[in-house]
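> here is my input; please provide its structure:
(one chain, ligands or ions: 1)
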Amino acid sequence: MGAGVIAAERGAASGADAGAGDVPALEARSLTLSWDGQTTVVDRISLTVASGEVVCLVGRSGCGKTTILHALSGLTRPLSGQVLLHGEDITGTPGHVSYMLQKDLLLPSRRIIDNVCLPMLLTGVPRAEARAKAEPLFERFGLAGTEEKWPAELSGGMRQRAAFMRTYLMGADVTLLDEPFSALDAITRVEVRRWFCDMARELGLSALVITHDVDEAVSMASRVYVLAGRPSEGEPSHVAGEVRVDHDAAGEGDFALTPEFLSAKREVLELLG
Ligand SMILES: Nc1ncnc2c1ncn2[C@@H]1O[C@H](COP(=O)(O)OP(=O)(O)OP(=O)(O)O)[C@@H](O)[C@H]1O
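As a prediction, this is how the structure comes out:
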């Protein structure tokens, strides 16, 4: 990845104060969720993502993070509560937000350009038009020259950037990301994360990222929602708290070395219990 692409990992946090008093880009209002209609996994959680803001949701394994993303994307219906997109009720209706999964899920038998065009093709966009939309983005996403390559020819970080481009091309202005960097090795993970934050800021992305990595959450987000609970032991999860992260504290330096980073990290860890 070129040095130009890796700037300070802080800009995506610009939404910390964004939208105060405005209608959030995405809002979960008192969602209660269950897989079987009886056992409650998540109990009355509420959260917001402002326009242009990157927000993280952290919680231990099995506490219900993916369950929440399914409900926010409309793949499942909540037992109660609402999902609002720019104030409009989209509860239980898919197709309004982009969703990027943990694994890149690039189809091995399709070239990168065809992989990133796939969501557009599935919605009926003609192939030539889809390619014309995708091609100019390759440079911007640090993937110039990979258009005709096969997924197996790309590094893990490049594959993840291609997966992100495919998600971006879905065209929704709110993106949900489920552990997007967890399949990458530690060094690549930090690089791709920084790259993502820069891209999010450049594209004005409104994003909710779920992770169980506290450092990752504090590095990326302007706000971190902490989910606590043990649904498998009959204790539904709830939002234990919300931590605001002051990324401006670092100036041009490395935010992860500042007292503000450590203070936010400590708060998140305390809420996790
Ligand atoms: N399709 C499903 N059917 C029934 N129960 C499910 C289903 N998916 C998840 N669960 C249960 O719901 C609870 C929350 O799971 P979920 O995958 O949302 O947690 P998570 O926080 O995303 O976990 P991880 O970090 O390990 O991915 C768990 O107890 C899990 O066993």
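> just the helices in the stretch 101-250 of the chain please.
Taking DSSP state H, counting those that start in this stretch as the criterion, the stretch 101-250 of the chain contains helices spanning 112-122, 127-134, 137-140, 156-168, 186-203, 214-220.
> from Phe141, how far out is Phe181?
According to Cβ to Cβ, to the nearest Å, Phe181 and Phe141 sit 15 Å apart. All C-beta spots, glycine's among them, are computed from the backbone N, C-alpha and C.
> these two - which one has more neighbours?
Applying other Cβ atoms under 10 Å to Phe181 and Phe141 shows that Phe181 carries more neighbours, namely 23 against 19.
> excluding its backbone neighbours, what's nearest the more buried one?
The shortest distance from Phe181 to any non-neighbouring residue, by Cβ to Cβ, 6 or more residues apart in numbering, is to Arg189 (4.7 Å).
> hang on, that neighbour packs against Trp195?
No: here Arg189 does not reach Trp195: they are 10.7 Å apart, not a contact under Cβ atoms under 8 Å.
> name the residues of the protein found near the ligand, please.
Proximity of the chain to the ligand is confined to 35, 41, 59, 61-67, 212, 231-232 under the rule Cβ under 6 Å from any ligand atom.
> again, only this time at 8 Å
Residues of the chain lying close to the ligand by Cβ under 8 Å from any ligand atom are 35-36, 39, 41-42, 59-70, 102, 178-179, 210, 212, 227, 231-232, 237.
> are any of those buried, and if so which?
41-42, 59, 62-65, 67-70, 178-179, 210, 212, 227, 231, 237 (16 or more other Cβ atoms under 10 Å).
> got any ranges where the protein has weak pLDDT?
The chain contains residues with pLDDT under 70 at 1-21, 104.
> list the buried ones in stretch 144-162?
In stretch 144-162, counting by 16+ other Cβ under 10 Å, buried: 146, 151, 154, 157-162.
> meant to ask about stretch 24-43
24-29, 31-34, 40-43.
> which residues touch that stretch?
19, 44-53, 64, 67-68, 71-72, 76, 78-87, 97, 173-174, 206, 208, 227, 229, 231, 236-238 (Cβ atoms under 8 Å, 6 or more residues apart in numbering).
> same thing but at 6 Å, please
Residues outside stretch 24-43 that contact it (Cβ atoms under 6 Å, 6 or more residues apart in numbering): 44-51, 64, 67-68, 71, 78-85, 174, 206, 231, 236-238.
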